[in-house]
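Chemist: only geometry, no sequence info:
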């Protein structure tokens, strides 16, 4: 996954992906708590559950900084010097896919096209490597589901009724 992020750091754009700092982790926790209250996650519905998840993220961030192999990557979305959200990518059992596990934009920065820009970056980069982006959404994630529809993602059949799975388009 390391090669993907080097591409984003070189882009000339207002929005950038950056490694998460220790200070950023408190921002991530606050956004997780807000979105958990809005029904966007299963299993992250209490402060204790969020803190446990944050411990896992911290270990992943530390391993990533040490250039060790990781299955989960946390990157901050930054405009100027301001964190506007974060994205978490996870490796998938299917090698031709990568999972966009979470993409959260802070409420005050929504409706500016940041989410679609990030999703498009990943789709383009993965497409160049003959891979696809997998996105899992709960029904409460209406904005993300609508965005994926505008980007020609297709719904992937899944065993769970509650969680919806979407795949980025195939190469034409």
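Modeler: Ah, there it is. Nothing here was measured: the structure is a model prediction, and the numbers come from that model. Numbers count the residues shown, from 1 in each chain.
Chemist: Could you pick out the longest helix of the chain?
Modeler: The longest helix of the chain (DSSP state H) is helix 47-65.
Chemist: Give me the buried stretch members for the following helix or strand past that helix, please.
Modeler: Moving toward the C-terminus from helix 47-65, the next helix or strand (DSSP states H and E) is strand 72-79. Within strand 72-79, the residues that qualify as buried are 72-78, counting by 16 or more other C-beta atoms under 10 Å. From N, CA and C alone the C-beta is placed, and that goes for glycine too.
Chemist: that older thread, now the angle from the longest helix of the chain to strand 72-79?
Modeler: 90 degrees (axes from the mean of the first three to the mean of the last three C-alpha atoms, to 10 degrees).
Chemist: For the residue lying closest to residue 156 once chain neighbours are set aside, which three-state class applies?
Modeler: Nearest residue to residue 156, sequence neighbours excluded (C-beta to C-beta, 6 or more residues apart in numbering): residue 165, at 4.1 Å. Following DSSP: H, G, I helix; E, B strand; the rest coil, the label given to residue 165 is strand.
Chemist: pLDDT value on residue 165, please?
Modeler: pLDDT for residue 165: 79.
Chemist: May I have the residues that are in contact with it?
Modeler: The neighbours of residue 165, taking C-beta atoms under 8 Å, 6 or more residues apart in numbering as the test, are 134-136, 155-158.
Chemist: helices or strands next to the longest helix of the chain in the packing?
Modeler: For helix 47-65, the packing partners by 3 or more C-beta pairs under 8 Å, 6 or more residues apart in numbering; DSSP states H and E come out as strand 15-19, helix 22-37, strand 72-79.
Chemist: Report the distance from stretch 146-155 to the chain centre.
Modeler: Offset of stretch 146-155 from its chain centre (C-alpha atoms, centre = their mean, to the nearest Å): 16 Å.
Chemist: which of the residues in that stretch are buried?
Modeler: 147-148, 151, 153.
Chemist: For that stretch, report the contacting residues that lie outside it.
Modeler: Contacts to stretch 146-155, defined as C-beta under 8 Å, 6+ apart, come from residues 115-116, 119-120, 123, 133, 135, 137, 164-169.
Chemist: Secondary structure and distance to residue 47 for these - can I get that in a markdown table?
Modeler: Compiled in a markdown table, those are given as follows (DSSP: H, G, I helix; E, B strand; the rest coil; distance: C-beta to C-beta, whole Å):
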| residue | secondary structure | distance to residue 47 |
| --- | --- | --- |
| 115 | helix | 26 |
| 116 | helix | 31 |
| 119 | helix | 29 |
| 120 | helix | 34 |
| 123 | helix | 34 |
| 133 | strand | 31 |
| 135 | strand | 26 |
| 137 | strand | 24 |
| 164 | strand | 27 |
| 165 | strand | 28 |
| 166 | strand | 30 |
| 167 | strand | 33 |
| 168 | coil | 34 |
| 169 | coil | 39 |
